[in-house]
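[1] I'll drop the sequence and a predicted model, then ask my questions.
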Amino acid sequence: MVREMRKNESSEALKTVHRYGDTVNPDAARNVKMSSAEEAIIGMLLQYDDHRAAVAGGKIELTPEDFFTEFGRRVFVAVMELESSEGGFSFSLLGENFNPDEMGRMHKYVIDRKELSQNTLDVLRESVNTLKKERLSQADRSADDPFAALRRKREALKKKKDGQ
C-alpha cells in the first residue's frame, strides 16, 4: 500500500516537472489530472464531429468554466464558436485566433488521441466527469485553505496587470 502510494506520488511529480515551464499552457503544471483531462477533451473535440455536436447540443454538459487552464478554456470557446457558426468547424480556422505554437499543441492533442483505440462519446463523457470532479475537489480544498482567497486575489491582480 505504501509502496503503491509512493509510486503514484513519484509519477505525479514527474508529470508536474514535465509540464513546468510550458509556455503554451503554463497552468497545466498546477494540476496534472485536470490538464490531462482537458487535453483528452480538446483532442476529441478537435477530431470528431459527433463529439462536438454532443457538446454543442447539450448531450454532454461542458462549459468554459469547467476548464482549469486558460489555454484549454480558449480552445474550447473557439471550437464551440466555430461549431455553431454558419460555416461549421474547421481546424485550420483556429489559426486566426491562435499562434503557431498553440496550433502545434492542439495538433499534438489530436495525434495523441489518434494513437488511442478508444475515443468514443463515453470516453469523452468520462474525461468531462473527471474534469468536473477535480474542479469540485479543488474548490473543496480551497475552502479549507485560509490563504486560498489571498492567492485568488493575487492571481486576479496579476491578470489585470498583464492585460494592461
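    The structure has been received and is ready for your questions.
[2] For the most centrally placed residue in the chain, which non-adjacent residue is spatially closest?
    In the chain, the residue lying closest to the centroid (CA atoms, centre = their mean) is residue 38, at 2.6 Å. Leaving aside its sequence neighbours, residue 38 sits nearest to residue 72 (CB to CB, 6 or more residues apart in numbering; 3.9 Å). Using the backbone N, CA and C atoms, a C-beta is placed for each residue, glycine as well.
[3] so how far is whatever helix or strand the one you found lives in off the chain centroid?
    For residue 72, the host element (DSSP states H and E) is helix 70-84. Relative to the chain's own centre, helix 70-84 is displaced by 11 Å; criterion: CA atoms, centre = their mean, to the nearest Å.
[4] contact partners of the next helix or strand after that helix?
    Using DSSP H and E, the next helix or strand after helix 70-84 towards the C-terminus is helix 100-114. For helix 100-114, contacts defined as CB atoms under 8 Å, 6 or more residues apart in numbering pick out 23-25, 39-40, 42-44, 46-47, 71, 75, 91, 94-95, 98, 119.
[5] again, only this time at 6 Å
    With CB atoms under 6 Å, 6 or more residues apart in numbering as the test, helix 100-114 has contacts from 24, 39, 42-44, 46-47, 95, 119.
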